[in-house]
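1. can't give you the sequence, but here's the structure:
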């Protein structure tokens, strides 16, 4: 651990280590300070140098050249053992941050949208794609728009590791972001597993509340092999990734308008929108609220993993330009 430093110093140090971990090249204090701003942390270049000096002394980072830093093995271990208090509630904080960073213009079809990023072996990606495409075609996803990148290339804030191909899928937080810009407050409650019968949503059979989770629930459910997306595609019966939101009942007309415009941009993601104060998929809804069920953006990836393909998914990963997306059918 980082010795006897204050909790605030520890939190900022962890944020710096995460930035260095995600970079394949040495980073200087100025670049780190700029990247911290995208994570909601205001820290000047001089202050970053102070934190780097502390971490150099503890061998969490090492100096390369005049000002560049790389993370060490000790730094990677420090991230694994990061403060439990900082981890709890990470999922809801990530949702709020990405919703704020989303500036997609639903009229002009331009701007940044949130995505999940999944890494596949470059040797098996084409084959995995064949198992994912039916999930996109059947609509068990937020959008059939995707982006890809090869080793060493960037997707938003992420750099693709050696030997990998990255697939970016549209994240359901795009709905949060667009509703936020339209003035609709959205309460993100939980991610879960939705039971599908005859191609229709029935009920949540598993759920994880965002406020108490250090990971995105979709990642947890995929790793635990709790989905049956392939069966849902082939038979119309199975279990898929979905998540639950609530909005004020009076905002329903605005939400309907925003979703209609998103569909014209080839983004949907909404599975169910209930009525005021009425349960949705067996989830009770508070007075003067409306429950909304959104599809999980990683359902196609879950289908690939069910078929035996190894993948490393990072849900709610980053934001990328809408114009950089292409239809899944256009990928070879």
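-> The structure has been received and is ready for your questions. Remember, predicted model here, so these are calculated numbers, not experimental data.
2. so where's the stretch 1-150 of the chain shaky on pLDDT?
-> For the stretch 1-150 of the chain, the stretches flagged by pLDDT under 70 are 1-7, 82-90.
3. repeat that with 90
-> The stretch 1-150 of the chain contains residues with pLDDT under 90 at 1-15, 18, 21-25, 34-45, 50, 54, 64-68, 73, 75-94, 97.
4. Which residue ranges of it form strands?
-> Assigned by DSSP state E, counting those that start in this stretch, the strands in the stretch 1-150 of the chain fall at 61-64, 68-71, 112-121, 145-150.
5. Would you mind finding the most buried of those strands?
-> Of the strands of the stretch 1-150 of the chain, the one with the most neighbours on average (mean count of other C-beta atoms under 10 Å) is strand 112-121, at a mean of 25. Quick note: C-beta positions are derived from backbone N, CA and C, even for glycine.
6. Taking strand 145-150 as reference, get the angle to it.
-> Angle between the axes of strand 112-121 and strand 145-150 is 50 degrees (criterion: axes from the mean of the first three to the mean of the last three C-alpha atoms, to 10 degrees).
7. so what strands line up beside strand 112-121?
-> Its sheet considered, strand 112-121 pairs with strand 164-170 (antiparallel), strand 311-321 (antiparallel) by DSSP bridges.
8. one step back: so which of the strands of the stretch 1-150 of the chain comes closest to residue 309?
-> Residue 309 lies closest, by C-beta to C-beta, to one member of the strands of the stretch 1-150 of the chain: strand 112-121, at 6.8 Å.
9. Stretch 321-330: which residues count as buried?
-> Residues 322, 324, 325, 328 are the ones in stretch 321-330 that count as buried (16 or more other C-beta atoms under 10 Å).
10. To clarify, my last question referred to stretch 105-114.
-> Buried positions in stretch 105-114, judged by neighbour count with 16+ other C-beta under 10 Å: 106, 111, 112, 113, 114.
11. who does the helix or strand harbouring residue 246 touch, helix- and strand-wise?
-> Using DSSP states H and E, residue 246 maps to strand 238-248. In this structure, strand 238-248 makes packing contacts with helix 173-181, strand 187-197, strand 200-209, helix 217-223, helix 229-235, strand 289-295, helix 299-306, judged by 3 or more C-beta pairs under 8 Å, 6 or more residues apart in numbering; DSSP states H and E.
12. now the second one: how far from the chain's centre is it?
-> Using C-alpha atoms, centre = their mean, to the nearest Å, we find the averaged C-alpha position of strand 187-197 to lie 16 Å away from the chain's own average C-alpha position.
13. got it, and the third one?
-> Remark: strand 200-209 is offset 19 Å from the chain centroid, using C-alpha atoms, centre = their mean.
14. quick one: strands adjacent to it?
-> Sheet pairing of strand 200-209 (DSSP bridges) gives strand 187-197 (antiparallel).
15. thinking again about what came up before, for the strands paired with strand 112-121, which one sits closest to residue 181?
-> Comparing these by C-beta to C-beta, strand 311-321 comes nearest, at 13.6 Å.
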